[in-house]
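K.L.:
Sequence first, then the predicted structure:
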Amino acid sequence: MKRWAWFESALLANCLVFAAAAKAAPEIIQVTSGPLWHRLEFEILNVPAAANPFDPDSIRLDVAFTLPSGRIVTVPAFWYQGYQRQLLSSGYESLTPSGSAQWRARFAPPEAGTYSLVLTIRTNGQPSGSPVTAGFTVQGGAPPPGIGYVGVAAGKEYLQTSDGRALRLVGHDVCWFDAGGTYDYDTWFAAMAAAGENYARIWMCPWAFGIEVTPTSLTNYALRPAWQLDYVFQLAEQRGIRLQLCLDYHGMFVSQPGYDWPQNPYNVTNGGPCLNPNAFFTNATAKALYQKRLRYLIGRYGYSPNLAAWQLLNEIDNVYASAGLNSSDVAAWHSVMGAWLHTNDPFGHLVTTSLTSGSIRPEIWTIPTMDIATYHSYADGDSYGTTGPAVRLSVVAQSMLQSYGKPVLIDEFGTSSLGWNQTGDPYLRGFRQGVWGGALGGSVGTAMSWYWENIQSDDVYPVYTALGAILTWTDWGQGVWPNVSFRT
């Protein structure tokens with residue numbers, strides 16, 4: 001009898017082991033659905049534990065989507081934490097974690113029909129378990145015109161969408177939020193969309209959206225600002241606004257008071273690999289770590305057709321002297337990272353960077369993997385003299401287009417870098433010249449004003465409404481548009 005009881009106990013123990021093993025098998029669960037080109041989200045459960053879910057050398061999850069046409073698109077999964085937001089009576093946004101952290105994958109289906117997907121997991125560089133399969137179906141129906149990822153048109157002068165339609169950008173910078181956090185973008189994007197704007201520029205910086213900007217964040221990305229950026233992307237998709245995502249700002253490399261090299265996680269004093277700021281651009285370990293962040297960003301935001309372009313840096317030449325940077329090293333770094341993105345971004349987003357007002361650097365813009373040449377224009381750093389912004393911007397855009405053979409975007413503009421109305425322009429004639437001069441003078445859209453808070457507070461949106469109302473009567477945005485050369 002005792003022997004039989006022992007046998008039963010052993011059998012039960014084995015059954016429990018097998019049940020636990022079955023329960024622990026990785027699983028893919030679709031948590032959102034939608035039509036063509038809309039975000040689909042998948043939870044990935046029962047993933048093996050790892051020392052660092054942000055480090056693909058520790059654990060790497062890839063999901064291969066097989067489209068109805070047979071094409072395979074492989075995307076990285078990413079570590080995710082949800083949040084609930086609340087606007088406090090003080091006007092500040094409060095975020096509270098919602099649920100537990102978990103693995104997610106995102107995809108925007110470009111074809112109707114039945115999809116299959118295969119999840120592979122690697123831990124410490126080795127395969128972990130067997131591939132996991134799943135599937136889903138996307139209903140047909142004609143998507144709206146102008147949908148899909150942004151590319152460069154055949155003439156290398158303008159942008160277009162996946163369906164071949166011309167995309168002319170109308171918008172301005174909205175690089176970071178104020179106290180209201182994501183609620184600020186509820187206000188801004190609603191007003192922009194109502195005025196016919198379709199473009200905005202966002203910064204990932206220490207005070208907004210930055211996920212790797214503090215001493216402890218090297219391959220330990222901040223999930224709160226990542227969720228805020230999720231929200232902004234989803235809102236942009238709802239409002240029809242394309243985003244240029246700037247991944248780093250120049251102050252991260254400067255040691256002066258008020259700047260952030262002392263806080264930069266790549267700094268050796270914070271456990272990073274870089275003895276000085278220039279090492280960020282030359283050190284092999286730093287490059288590999290940065291590419292891990294790029295992989296995370298591709299997995300989390302790359303799905304979105306509203307991501308117009310990755311912008312690697314903001315005005316890095318602004319700190320060449322103060323940070324001790326070597327321009328040749330910076331250019332070589334851009335070449336490496338641009339090539340890495342073009343190889344590893346399965347969605348094929350465009351890549352660019354940005355430079356200071358009046359700075360045109362051939363060593364950057366001749367790099368083949370820089371798809372868009374950008375320009376920052378402020379009167380006090382890019383003298384307009386008696387010509388006015390429209391003349392200057394048309395000359396710059398057409399000159400850069402001829403020199404580099406790629407689209408040109410004026411992605412920061414102001415009649416002064418000191419503030420919204422520091423040049424005695426109460427009727428905003430200079431601002432209007434920037435908007436119209438960019439649109440008609442040879443760039444891919446309006447010159448993008450830097451002063452988003454003033455555009456909101458002064459309700460300058462009718463300028464954009466008027467531009468759209470007039471230009472929709474023309475072929476602007478379609479076919480070959482003859483550039484306007486403005487006269488004084």
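P.N.:
On my side now, so go ahead. Numbers count the residues shown, from 1 in each chain.
K.L.:
Need the phi and psi values for Gly113.
P.N.:
Phi and psi for Gly113, reported as degrees, to the nearest 10, are phi 130, psi -160.
K.L.:
Where does the residue nearest to it when sequence neighbours are not counted sit: helix, strand or coil?
P.N.:
Excluding the flanking residues, the one nearest Gly113 by C-beta to C-beta, 6 or more residues apart in numbering is Pro68, at 3.0 Å. (Each C-beta comes from the backbone N, C-alpha and C, glycine too.) Local secondary structure at Pro68 is given as coil here, using DSSP: H, G, I helix; E, B strand; the rest coil.
K.L.:
In terms of helices and strands, where is Leu235?
P.N.:
Secondary-structure element containing Leu235, defined by DSSP states H and E: helix 223-239.
K.L.:
Please tell me how far stretch 212-225 is from the chain's geometric centre.
P.N.:
17 Å (C-alpha atoms, centre = their mean, to the nearest Å).
K.L.:
Kindly export stretch 59-73 (C-alpha atoms) in CSV.
P.N.:
In CSV, the C-alpha atoms belonging to stretch 59-73 read as follows (Å, rounded to 0.1, in the frame of the first residue of the first chain):
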residue,chain,number,x,y,z
ILE,A,59,17.3,38.0,-24.6
ARG,A,60,16.1,38.7,-28.1
LEU,A,61,12.6,38.2,-29.5
ASP,A,62,11.9,38.5,-33.2
VAL,A,63,8.5,38.1,-34.9
ALA,A,64,8.5,37.2,-38.5
PHE,A,65,5.2,38.2,-40.2
THR,A,66,4.4,36.4,-43.5
LEU,A,67,2.1,38.6,-45.6
PRO,A,68,-0.6,37.3,-47.8
SER,A,69,1.6,38.0,-50.8
GLY,A,70,4.3,35.8,-49.3
ARG,A,71,6.7,38.6,-48.3
ILE,A,72,8.2,38.2,-44.8
VAL,A,73,8.7,41.2,-42.5
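K.L.:
ok, and for that stretch, which residues are buried?
P.N.:
59-67, 73 (16 or more other C-beta atoms under 10 Å).
K.L.:
residues contacting the residue positioned nearest the centre of the chain?
P.N.:
When the chain is reduced to its mean C-alpha position, the closest residue under C-alpha atoms, centre = their mean turns out to be Leu245, at 3.2 Å. Residues in contact with Leu245 (C-beta atoms under 8 Å, 6 or more residues apart in numbering) are 202, 204, 297, 301, 307, 309-311.
K.L.:
pretty sure Gln398 belongs to a helix, no?
P.N.:
Yes: when classified by three-state DSSP, Gln398 is found to be part of a helix.
K.L.:
Hmm, it is touching Gly441, no?
P.N.:
Yes: at 7.1 Å, Gln398 and Gly441 qualify as touching, with contact defined as C-beta atoms under 8 Å.
K.L.:
Following the chain past the lowest-mean-pLDDT helix or strand in the chain, name the next helix or strand.
P.N.:
Across the helices and strands of the chain, mean confidence by mean pLDDT, DSSP states H and E is lowest for helix 2-23: a mean of 45. The first helix or strand that comes after helix 2-23 along the chain, using DSSP H and E, is strand 27-30.
K.L.:
any low-confidence regions in the chain?
P.N.:
Segments of the chain classed as low confidence (criterion: pLDDT under 70) are 1-23, 358, 381, 383-387, 422-424, 479-480, 488.
K.L.:
Just give me the longest strand of it.
P.N.:
When the chain is scanned for its longest strand (criterion: DSSP state E), the result is strand 93-107.
K.L.:
circling back: from the buried residues of stretch 59-73, which two are the most distant?
P.N.:
By the measure C-beta to C-beta, Ile59 and Leu67 form the most distant pair in the buried residues of stretch 59-73, at 26.6 Å.
K.L.:
show me where the stretch 301-450 of the chain has helices.
P.N.:
Taking DSSP state H, counting those that start in this stretch as the criterion, the stretch 301-450 of the chain carries its helices at 327-344, 362-365, 389-404, 429-440.
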